[in-house]
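Engineer: sequence and predicted structure are below.
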Amino acid sequence: MTARSIGWAAALAGAALAGVAAVGGAAELRGAGPRVEAGEARGWASRTVWACDRRKAVIVEGVRPDEKLPPARARLVAELLTDLMRYCQEEITARVGIDETISVEANGRVHHDYVPGGPLPIAKASFGDPSPREKQIWKAELDRMVQEGDRLFHSDELGTNGIACAMCHPDASNTHPETYPKFQTQLKKVALLRDMVNWCILNPLEGSELAENDPRLKAVEAYILAKRAGVALEAGKH
Ligand code: HEC
């Protein structure tokens, strides 16, 4: 163990003893992810980057929390996070030192001089596909959204004149979601599927446009896309 890595181990132990207080700003970001201790504990400013799964974090030393990562560092962080996604269910914190050496903490153990792609002694059992129960829940949630879209698509709720999408697009026919984004002459710009949904709400249905984050817009989009499952994407096709 180098003097520097002992410093980290001590900082980890200290953070554990002091609880959340020692974690500082990182605690607010933490969510369900791994525990992240403050870089300041080791005397370096640091910036923490989380992977999209919120289970992996990389602490980059020598960069302030409000400072952009220099390009080489940013690439290293992306490479490291992508690499650690091998351990998809695992909570892992990596630390890139100012000398670019990498330490990785997983399952309460710290592994030094880690090279992305190299082996990590993490139990195989923690890889794993989603459980049947998880898959059931995910499918039920999706089905619920698609069913709501189906209902809206067949109702006159989105407009004011009693017309429903399904009257012109039975079974979501001729909606061609797989061709988006594409230039739409009506809109005189490149449109996403949701822009065309809104256009048809405005025009044949004489309704009001839905906001981008409106759950009804998402549901209609989900329904249309679900109807075209398996069709190859062809952005821009006319
Ligand atoms: C009065 C008939 C009518 C109604 C009602 C209608 N549409 Fe359309 N829709 C059209 C026509 C006509 C087009 C234009 C087809 C084109 O440009 O290729 C179109 C185009 C679209 C497209 C783009 C298709 C493509 O090929 O790119 C989408 C998506 C769409 N409609 C969704 C909806 C939705 C969602 C609703 C309900 C909110 C709806 N439409 C209601 C007639 C209708």
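Structural biologist: Everything's here; your move.
Engineer: so what's Val104 up against?
Structural biologist: Counting by CB atoms under 8 Å, 6 or more residues apart in numbering, Val104 makes contact with 84, 92-95, 110-111, 114, 120. (Glycine included, C-beta is placed from N, CA and C.)
Engineer: go with 7 Å
Structural biologist: Val104 is in contact with 92, 94, 111, 114, 120, counting by CB atoms under 7 Å, 6 or more residues apart in numbering.
Engineer: buried residues in the longest helix along the chain?
Structural biologist: Of all the segments of type helix in the chain, defined by DSSP state H, the longest one is helix 132-153. Applying a neighbour-count criterion of 16 or more other CB atoms under 10 Å, the buried positions in helix 132-153 are 145-146, 148-150, 152-153.
Engineer: pLDDT added to the contacts of Val104, as TSV?
Structural biologist: TSV is the format used below for those (pLDDT from 0 to 100):
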residue	pLDDT
Ile92	92
Ala94	95
His111	90
Tyr114	93
Leu120	80
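Engineer: let me know the closest of these to Lys68.
Structural biologist: Distance to Lys68 across the contacts of Val104 (CB to CB) is lowest for Ala94, with 19.2 Å.
Engineer: surely that closest one meets Glu61?
Structural biologist: No: checked against CB atoms under 7 Å, the pair Ala94 and Glu61 is beyond contact range at 11.2 Å.
Engineer: which of these two has more neighbours?
Structural biologist: A direct count of neighbours by other CB atoms under 10 Å for Ala94 and Glu61 places Ala94 higher, at 24 against 21.
Engineer: need the strands for this protein, in chain order.
Structural biologist: Read by DSSP state E, the chain holds these strands, from start to end of the chain: 46-50, 56-61, 92-96, 102-106, 109-111, 182-184, 189-191.
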